[in-house]
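> sequence and predicted model, in that order:
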Amino acid sequence: MSISDYLASLNIGQLIHARSCCDELICRRQAAAMKQCWAVSDRDLNWRWFQEHEFVAAAEWLAKYAAAIERKGEAEDLLLTQHRLQEDEWQKLFGDDYKGGGV
C-alpha cells in the first residue's frame with residue numbers, strides 16, 4: 001500500500017495526528033547536522049560520491065569518466081556538484097570503512 005493510499009484511509013483526527021508527527025520529523029531533520037560532499041553526475045544520475053575534502057579526486061574521476069565515454073563515441077553532460085547531506089545519510093553513503101576515492 002502506498003503512503004497516499006494509507007493516508008486516504010485515515011479519518012480527520014488520524015490525519016491531523018499524522019500531520020503533527022510529520023511536522024515534528026521534518027523539524028528534526030532540518031535541524032540535524034549536515035555534511036558536504038561532491039557528486040559526479042549527468043542530468044539524471046549521480047555516478048560517484050566523494051567526501052568534501054576530495055574535490056581534486058572527484059574532478060580527476062570526472063575527467064577519466066568523460067574520456068571513457070568519449071572513446072565509446074557517447075556524449076553526456078557531466079557535472080561536479082556539491083551536496084549537503086544529513087549526517088545519517090552521509091554515514092550510510094560513506095560508512096566507517098571508507099578509504100577514499102569515491103563510492
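Good, I have the coordinates.
> other residues contacting the helix or strand where Glu24 lies?
Using DSSP states H and E, Glu24 falls within helix 12-31. Here helix 12-31 makes contact (Cβ atoms under 8 Å, 6 or more residues apart in numbering) with Leu7, Leu10, Gln86. Where you see a C-beta, it was placed from the backbone N, CA and C, and this is true even at glycine.
> can you tell me which residues contact the last one?
Right, Gln86. Contacts of Gln86 (Cβ under 8 Å, 6+ apart): Arg29, Ala32, Ala33, Met34, Lys35.
> are any of these buried, and which?
Neighbour counting over the contacts of Gln86 (16 or more other Cβ atoms under 10 Å) leaves Lys35 as the buried ones.
> what ranges does the protein have for its strands?
For the chain, applying DSSP state E gives strands covering 34-41, 46-51, 79-86.
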